[in-house]
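> based on what follows, work out the 3D shape:
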Amino acid sequence: MQDVNLIAEKKQLRNTAEKRRELLFQNKGISGSKTLAKNFCSTWSPAYGSTISAFWPFRTELDVRPLINHLYDLGYTIALPEIDSKYEPLIFREWNPRQNLIKDNYGVMCLPKTAKIKTPDWLLVPLLAFDKKGFRLGYGGGFYDITLKALKEEKNVFAIGVGFEGQMIERVPHAKHDIRLDAVLTEGAVFIMEENI
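Model (predicted):
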């Protein structure tokens, strides 16, 4: 059970973070999405055949579609997340540019149930805010923390938060169950998190 004060602190921070991201999106949304692929490819070269999970942009999230199209063209398998049920890890389904998407119960675009399930090796993770230690503020459902915990127990996965550089804050409040990101990819820079901070 999360501490009541921590829940309240996160809730208040989410309101502030959403407003900040909205301004960043208005000012840097189009140009920012164009630089993501360059920043990713100049930093990482996943093994050939790797499955990279991404996300379809929602609200004012930084648009990763130019990046996932580029990664798809390079031969990587791209997967999109699906919420199966509360308190359960996300499911990832294989995406291609010709695939039709549908809206889930949260209004997020995802793949139909007919798309093949894949287990990602790399994950691109949306966020509202992040800090230099790799802690991420999400929407409050805990889906990525549950998912990353399960995946990291099964295999060596690499989780990259994706957002605007201006979404970085001094400290993201966190509990023991909150899973740190391995890195954060932004329109302006890449932040690699140190181990064992």
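> show me what secondary structure element comes after the longest helix along the chain.
Ranked by residue count and defined by DSSP state H, the top helix of the chain is helix 4-41. Following helix 4-41 in sequence order, the next helix or strand is strand 51-53 (DSSP states H and E).
> ok, residues contacting that following strand?
46, 68, 71, 76-81, 92, 94, 118-124 (CB atoms under 8 Å, 6 or more residues apart in numbering). Where you see a C-beta, it was placed from the backbone N, CA and C, and this is true even at glycine.
> look at Glu195 and report its pLDDT.
Among the per-residue scores, Glu195 shows a pLDDT of 64.
> got the contact list for the nearest residue to Ser53 once chain neighbours are set aside?
Leaving aside its chain neighbours, Ser53 sits nearest to Pro120 (3.8 Å; criterion: CB to CB, 6 or more residues apart in numbering). Applying CB under 8 Å, 6+ apart to Pro120 gives the contacts 51-53, 79, 92, 151, 157.
> farthest-apart pair in those residues, please.
The most widely separated members of these, counting by CB to CB, are Ile52 and Leu151 (13.0 Å).
> distance of the residue nearest to the spatial centre of the chain relative to Val157?
By CA atoms, centre = their mean, the chain has its centre lying nearest to Val125, at 0.9 Å. Going from Val125 to Val157 by CB to CB, to the nearest Å gives 11 Å.
> then Glu165?
From Glu165 across to Val157, the span is 24 Å (CB to CB).
> swap in Asn69?
22 Å.
> ok, these two, which is more surrounded?
Val157 (18 against 13; other CB atoms under 10 Å).
> burial of the nearest residue to the more buried one once chain neighbours are set aside, as a residue count?
Nearest residue to Val157, sequence neighbours excluded (CB to CB, 6+ apart): Leu151, at 4.7 Å. Neighbour count for Leu151, taken as other CB under 10 Å: 22.
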